[in-house]
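Novice: structural data only, the sequence is not supplied:
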């Protein structure tokens with residue numbers, strides 16, 4: 001275990017250390033040995049998608065017996081393929097594509113993966129490596145949809161405030177590979193899905209839209225979500241949803257017989273790693289939940305209320321302490337005046353702005369919010385830090401937090417205050433990480 005820095009002397013550095021501990025706990029190489037399947041009688045084909053897919057593929061190459069055949073293709077986000085360890089031969093091809101809005105490279109990768117699993121036998125084994133981000137990276141639009149249509153729908157979902165389960169219900173039904181369809185293509189081979197959870201509840205049917213997992217949601221559910229958030233789709237696809245023509249394979253379907261899903265890493269495990277480090281530093285550590293959802297700015301304000309109470313000696317949390325939480329919050333993008341600059345920032349930054357507003361410069365409270373994949377939304381930062389003087393320094397700089405919230409511009413707010421957390425890609429993804437330090 002890393003020796004923690006002194007929280008009272010270096011609170012911001014300590015929060016960054018907690019985040020590093022959470023990310024380290026979710027690394028594929030650490031977790032994969034316990035979940036590897038046995039070598040089959042036939043071929044072993046590796047497929048997969050997600051922000052951690054490159055690191056997962058490398059871990060599998062290191063751990064799989066050198067004399068056992070292994071080949072395959074996975075797709076990860078651009079620039080998320082980790083450096084190759086010295087002496088490890090590449091047996092799995094790693095492709096890159098766009099996230100969170102899909103591109104042609106993602107379509108080509110999905111086509112390659114589908115082609116790879118054709119003609120398999122019951123003696124063959126498919127190892128599917130799945131992590132968050134796979135929904136965008138593994139893209140094959142349903143009949144009647146173009147890539148441009150999928151891109152437009154994806155952008156609208158991302159800006160609508162829909163939660164991840166709702167977004168992925170839609171994505172499954174507008175795809176030819178997600179929602180269990182990839183598993184159907186692998187039949188009759190054995191399929192073992194190794195997954196890193198980035199969703200509240202760790203439901204494998206939601207992670208990356210469950211390409212190898214039976215789907216209990218329906219076309220009717222997908223259509224209701226599109227209506228709820230007023231998202232337009234082509235008339236032909238609307239008719240296909242309403243008729244049930246785009247239905248996914250359901251639980252009990254024979255194509256899933258003998259399939260296994262094994263969890264590599266979860267948000268709760270990462271929060272616990274951070275809690276353990278906090279305790280080693282002599283602090284009380286509290287994990288609120290690894291399933292927190294809701295509008296990011298409002299979740300930030302709720303966390304601020306909890307931290308303020310702890311700072312004043314009220315409530316269930318006894319200072320000095322760390323209050324931790326995970327999950328996946330949402331950001332509803334506000335409409336702007338024509339010609340106005342588009343805001344920059346993701347869930348972590350918007351949470352941080354809400355936290356700063358809620359804390360109102362409370363002494364003795366620091367906060368960090370970051371995405372464990374190292375990318376907050378589509379920017380180059382993982383997240384942000386909030387300090388007791390964040391609002392004071394903002395005032396001196398002429399920055400009004402409410403104005404930045406109104407235009408969803410958290411990145412520029414924290415950039416001006418040197419409050420961005422920049423890590424680069426972490427090669428894993430267990431979603432939101434939030435830590436409040438109360439001294």
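Specialist: Perfect, thanks for sending it. Values in this document were obtained by computation on a predicted structure and should not be read as measured data. Numbers count the residues shown, from 1 in each chain.

Novice: for the residue of the chain most remote from its centre, give me phi and psi.
Specialist: Distance from the C-alpha centroid of the chain, by C-alpha atoms, centre = their mean, peaks at residue 396 (35.4 Å). Dihedral angles of residue 396 (phi, psi; degrees, to the nearest 10) stand at phi -60, psi -30.

Novice: cool, residue 386 as well?
Specialist: phi -120, psi 130.

Novice: burial measure for the residue lying closest to it once chain neighbours are set aside, as a count.
Specialist: Closest residue in space to residue 386, ignoring its immediate chain neighbours: residue 367 at 4.1 Å, by C-beta to C-beta, 6 or more residues apart in numbering. C-beta: built from backbone N, CA, C; applies to glycine. Residue 367 has 30 neighbouring residues, counting by other C-beta atoms under 10 Å.

Novice: where does residue 367 fall, secondary structure wise?
Specialist: strand 365-371 (DSSP states H and E).

Novice: for the residue farthest from the centre of the chain, give me the pLDDT.
Specialist: Residue 396 carries a pLDDT score of 97 in this model.

Novice: how close does it get to residue 369?
Specialist: From residue 396 across to residue 369, the span is 23 Å (C-beta to C-beta, to the nearest Å).

Novice: also residue 65?
Specialist: The value you get for residue 65 to residue 369, if C-beta to C-beta is used, is 42 Å.

Novice: apart from its chain neighbours, what residue comes closest to residue 123?
Specialist: residue 42 (3.3 Å).

Novice: any idea which helix or strand carries that neighbour?
Specialist: Per DSSP H and E, there is no helix or strand for residue 42.

Novice: elements contacting the strand holding residue 367?
Specialist: Counting contacts by 3 or more C-beta pairs under 8 Å, 6 or more residues apart in numbering; DSSP states H and E, strand 365-371 packs against helix 11-25, helix 296-311, helix 347-359, strand 383-386, strand 432-438.

Novice: tell me the angle the last one makes with helix 347-359.
Specialist: Counting by axes from the mean of the first three to the mean of the last three C-alpha atoms, to 10 degrees, strand 432-438 lies at 30 degrees to helix 347-359.

Novice: so how far is residue 117 from residue 256?
Specialist: Residue 256 is 15 Å from residue 117, by C-beta to C-beta.

Novice: ok, the two, which is more surrounded?
Specialist: More neighbours surround residue 117 than the other of residue 256 and residue 117, with 22 against 18 (other C-beta under 10 Å).

Novice: test my guess that residue 111 contacts residue 139.
Specialist: No. Using C-beta atoms under 8 Å, residue 111 is not in contact with residue 139; the gap is 9.6 Å.

Novice: so between these two, which is more surrounded?
Specialist: Ranked by neighbour count (other C-beta under 10 Å), residue 111 and residue 139 place residue 139 first, with 32 against 14.

Novice: please identify the helix or strand for the more buried one.
Specialist: Going by DSSP H and E, residue 139 is not in any helix or strand.

Novice: what's near enough to touch it?
Specialist: Counting by C-beta atoms under 8 Å, 6 or more residues apart in numbering, residue 139 makes contact with 97, 102-103, 106-107, 110, 147, 150, 175, 177.

Novice: can you say which of those are buried?
Specialist: Buried subset of the contacts of residue 139 (neighbour count, 16 or more other C-beta atoms under 10 Å): 97, 102-103, 106-107, 110, 150, 175, 177.

Novice: of those residues, which belong to helices?
Specialist: The helices, defined by DSSP state H, take in 106-107, 110, 150 from the buried ones among the contacts of residue 139.

Novice: quick one: which of the residues you listed is nearest to residue 408?
Specialist: residue 150 (23.1 Å; C-beta to C-beta).

Novice: would you check how far apart the closest one and residue 355 are?
Specialist: From residue 150 to residue 355 the distance is 34 Å (C-beta to C-beta).

Novice: repeat that for residue 137.
Specialist: 31 Å.

Novice: higher neighbour count, these two?
Specialist: Taking other C-beta under 10 Å, residue 137 and residue 355 do not tie; residue 137 has more neighbours (32 against 27).

Novice: per-residue pLDDT of the closest residue to residue 195 other than its chain neighbours, please?
Specialist: Excluding the flanking residues, the one nearest residue 195 by C-beta to C-beta, 6+ apart is residue 130, at 4.3 Å. We note a pLDDT of 98 for residue 130 in this prediction.

Novice: quick one: contacts for residue 130?
Specialist: Listed by C-beta under 8 Å, 6+ apart, the contact set of residue 130 reads 48-50, 53, 193-196, 204, 207-208, 211-212.

Novice: mind running it again at 7 Å?
Specialist: Counting by C-beta atoms under 7 Å, 6 or more residues apart in numbering, residue 130 makes contact with 48-50, 193, 195, 207-208.

Novice: which one of the residues you listed sits in the busiest neighbourhood?
Specialist: Result: residue 49 is most packed of the contacts of residue 130 (other C-beta under 10 Å), 36 neighbours.

Novice: distance of that residue relative to residue 356?
Specialist: 36 Å.

Novice: and residue 209, by the same measure?
Specialist: 34 Å.

Novice: so if I had to pick from these two, which one is more boxed in?
Specialist: residue 209 (31 against 28).

Novice: show me where the stretch 151-300 of the chain has helices.
Specialist: 164-173, 181-186, 219-228, 235-243, 267-280, 296-311 (DSSP state H, counting those that start in this stretch).

Novice: residue 267 and residue 83, how far apart?
Specialist: In this view, residue 267 and residue 83 are 26 Å apart by C-beta to C-beta.

Novice: more crowded one of residue 65 and residue 369?
Specialist: Shown here are residue 65 and residue 369; by other C-beta under 10 Å, residue 369 has more neighbours (35 against 9).
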